[in-house]
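fold the following.
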Amino acid sequence: WLLETYDEMPASPPDPEVLPRNTNDLFFPNFTLVSKLGFVVQAVRSPPRASIEVTLLVDLKDTRSTRLLLIPPARFTFGEDCLVDGGGAIAGCRPLGLYLNATDEIYHAELVATGLA
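Have a look, this model is predicted:
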């Protein structure tokens, strides 16, 4: 999973000039451009082609990020209303379609902090 935070959500596809405020550095584990985020992804089970509920536990450290870009493994998709419970901190989840020019069916979604939805 890739998780990035932004002050404003980048265009889709993202402008390479707009850098994230934080990331878990999925693509560059040994070259940290911005602060790393701590997060845990939990699911009771994930049978093929089934709708599942996933729990994300995110440690934003000292950031004041307002939007999170969530990129799951290949072939995971997001439903129209992809937020079950934001725990008081997340107000909404919006699917954004294919990530960049992905060839492996990689989709992404935007999570919006409370007060910004």
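
please count neighbours and contacts with C-alpha atoms only from this point.
Will do.

need the strands for this structure, in chain order.
Counting by DSSP state E, one finds strands in the chain at the ranges 2-6, 22-23, 35-36, 38-43, 54-59, 67-71, 90-98, 107-113.

quick check: mean pLDDT across the longest one?
Going back to what we said before, that points to strand 90-98. Averaging pLDDT along strand 90-98 yields 89.

okay, the angle between that strand and strand 67-71?
40 degrees (axes from the mean of the first three to the mean of the last three Cα atoms, to 10 degrees).

and the angle for strand 90-98 with strand 107-113?
Going by the same axes, to 10 degrees, strand 90-98 makes 160 degrees with strand 107-113.

neighbouring contacts of strand 90-98?
12, 78-83, 86, 105-117 (Cα atoms under 8 Å, 6 or more residues apart in numbering).

what does the first one give?
For strand 2-6, the external contacting residues (Cα under 8 Å, 6+ apart) are 19-26, 37, 65-72.

just the fifth one next, same as before
Surrounding strand 54-59, the residues in contact under the criterion Cα under 8 Å, 6+ apart are 37, 38, 39, 40, 41, 42, 43, 44.

noted, bye for now.
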